[in-house]
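Peer 1: quick one: sequence plus predicted model below, questions after.
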Amino acid sequence: MRKVEIGQRYKQIGPPRAVWEVVDAVLDPANIRHLRIRSVNDPTIVKLISEPTLANERLYRLIKEH
């Protein structure tokens, strides 16, 4: 699994096919890395997602290296 980095952009594969930018990273109590991502089209929309989920190419595709 490729490490997700701050500034990378990912396109959601299924609807709504949004583009998300990684803005922050945190560890949960189980030591699983989570990433705060925000919509490129509407920066007021922010989600927290696990790194394994964001790195899953069936769900998200990397579209921009930082």
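Peer 2: Received it, and whenever you're ready, just let me know what you need.
Peer 1: all helices of the protein, in order?
Peer 2: 51-54 (DSSP state H).
Peer 1: quick check: buried residues in the strand ranked longest in the chain?
Peer 2: Using DSSP state E, we find that the single longest strand of the chain is strand 19-27. Of all the residues in strand 19-27, those buried under the rule 16 or more other C-beta atoms under 10 Å are 19-22. For the C-beta atoms, the positions are set from N, CA and C on the backbone; glycine is no exception.
Peer 1: stretch 47-57 now?
Peer 2: Those would be 49, 51, 54-55, for stretch 47-57 by 16+ other C-beta under 10 Å.
Peer 1: pLDDT averaged over that stretch - what is it?
Peer 2: For stretch 47-57, mean pLDDT is 95.
Peer 1: show the end-to-end separation of it, please.
Peer 2: Using C-alpha to C-alpha, to the nearest Å, one end of stretch 47-57 lies 18 Å from the other.
Peer 1: got any ranges where the chain has weak pLDDT?
Peer 2: Along the chain, the model assigns pLDDT under 70 to residues 1, 64-66.
Peer 1: strands of that one, residue ranges please.
Peer 2: 9-12, 19-27, 33-39, 46-50, 60-64.
Peer 1: quick one: neighbours of Leu59, just the number.
Peer 2: 14 (other C-beta atoms under 10 Å).
Peer 1: where's it relative to Ala18, distance?
Peer 2: 12 Å (C-beta to C-beta, to the nearest Å).
Peer 1: spit out the residues that contact those two alike.
Peer 2: Gln12 (C-beta atoms under 8 Å, 6 or more residues apart in numbering).
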